[in-house]
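Participant: What shape does this take:
(one chain, ligands or ions: 1)
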Amino acid sequence: MIEVFEAIADVRAHLDRARRDGRTVGLVPTMGALHEGHASLVRRAAEACDVVCVTVFVNPLQFGEPEDLDSYPRTLATDILLADENGATVVFAPTVQEMYGDGTVTTVSVAGPLTEVLEGASRPGHFDGVATVVTKLFAIAGPCRAYFGEKDYQQLAIVRRMAADLSLPVEVIGCPTVRDDDGLALSSRNVRLSPEERRAAPVLHRALGAGADCVRSGATDPGVVVDAMTAAVAGEPLIALDYAAVVDASTFATPAPLHGDLRLLVAARLGKTRLIDNLGVTVSDGTHRRGK
Ligand code: PAF
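Facilitator: Predicted structure coming up:
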């Protein structure tokens, strides 16, 4: 039977006890509204860890617009069921008061291109909010493996870097993006798309494929790869591209000429909904490999 905790002290005691009994802990941080993408993270954690804690917390620090925070879906009862069905043993669902008390004074900020470009530029302060809450969740959970989706690739790179820089006792594990049959990456935001927007949305994945094909066919000029992705989206009138980019997969700088492990990333608006997606491609010694 899955156990649900709201208090930091209670979940911490539970996970400390598990480790004292020789059991390993897996952590799956989420903001709830769980879908098959989250389920795949929980299953991955359950394969490797004895105790799997899914955290469900809609973190106010990482939202820009108050309306976004207010309208973010909150579905705790079904989240608990999905977590349970996929092998979680614990859900930690704190209130804002429990996490931040009467206000947050200490925050965590990762400097440099990793947080300044792309999502960092489009959503000022967002990654400080993510870094702060993830640091708190890691501090609450203690030594563990933590599972994050590659769907939010820039977030994953930041969390990896932060955990390494702060010597946190957490192994950060990135898991492949789960997609619908037509290529659209699963996201809690997809439910906000109108039927027409939903039909248009897979063009983002096709644009990433066009960029990856361009790299695989030998392009080393980042501008050429970005143009290929932009052109693929331009044919879809319902989509307003925010950015298309190709960056180094760990530093988020753009190497020119392109080489090494690269990440192609896009963000776009469909009506009121903003979607992001990404794909990996590696250039090494003249060979090109497409990632997930
Ligand atoms: O990816 C998310 O759902 C959130 O950004 C995270 C990592 C749970 C932090 O609030």
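Participant: list the contacts for His38?
Facilitator: For His38, the contact set (CB atoms under 8 Å, 6 or more residues apart in numbering) comprises Val28, Thr30, Val54, Leu82, Gly149. C-betas here are computed from N, CA, C, even on glycine.
Participant: which of these has the most neighbours?
Facilitator: For the contacts of His38, the largest number of neighbours (other CB atoms under 10 Å) sits with Val54, at 31 neighbours.
Participant: That one belongs to a helix?
Facilitator: No - Val54: not assigned to a helix; according to DSSP: H, G, I helix; E, B strand; the rest coil it is strand.
Participant: hmm, the host helix or strand of Ala46 in reach of the ligand?
Facilitator: Assessed by DSSP states H and E, Ala46 sits inside helix 36-48. No - applying CB under 6 Å from any ligand atom, one finds helix 36-48 separated from the ligand by no less than 8.4 Å.
Participant: Centre of the chain to that helix, how far?
Facilitator: Remark: helix 36-48 is offset 14 Å from the chain centroid, using CA atoms, centre = their mean, to the nearest Å.
Participant: again, but for stretch 248-266
Facilitator: 18 Å.
Participant: Now do the buried residues in it.
Facilitator: By neighbour count on 16 or more other CB atoms under 10 Å, the buried set for stretch 248-266 is Asp248, Ala249, Phe252, Thr254, Leu258, Leu262, Arg263, Leu264, Leu265, Val266.
Participant: Quick one: end-to-end length of that stretch, please.
Facilitator: 14 Å (CA to CA, to the nearest Å).
Participant: same check, this time on stretch 22-39
Facilitator: Termini of stretch 22-39 sit 25 Å apart (CA to CA).
Participant: hmm, who's touching the lengthiest helix in the chain?
Facilitator: In terms of residue count, the longest helix belonging to the chain (DSSP state H) is helix 126-141. For helix 126-141, the surrounding residues in contact (CB under 8 Å, 6+ apart) are 8, 11-12, 15, 25, 27, 29, 53, 55, 57, 59-64, 92, 99, 104, 106-110, 115, 119-120, 144, 146, 154-155, 158-159, 162-163, 166, 168, 170.
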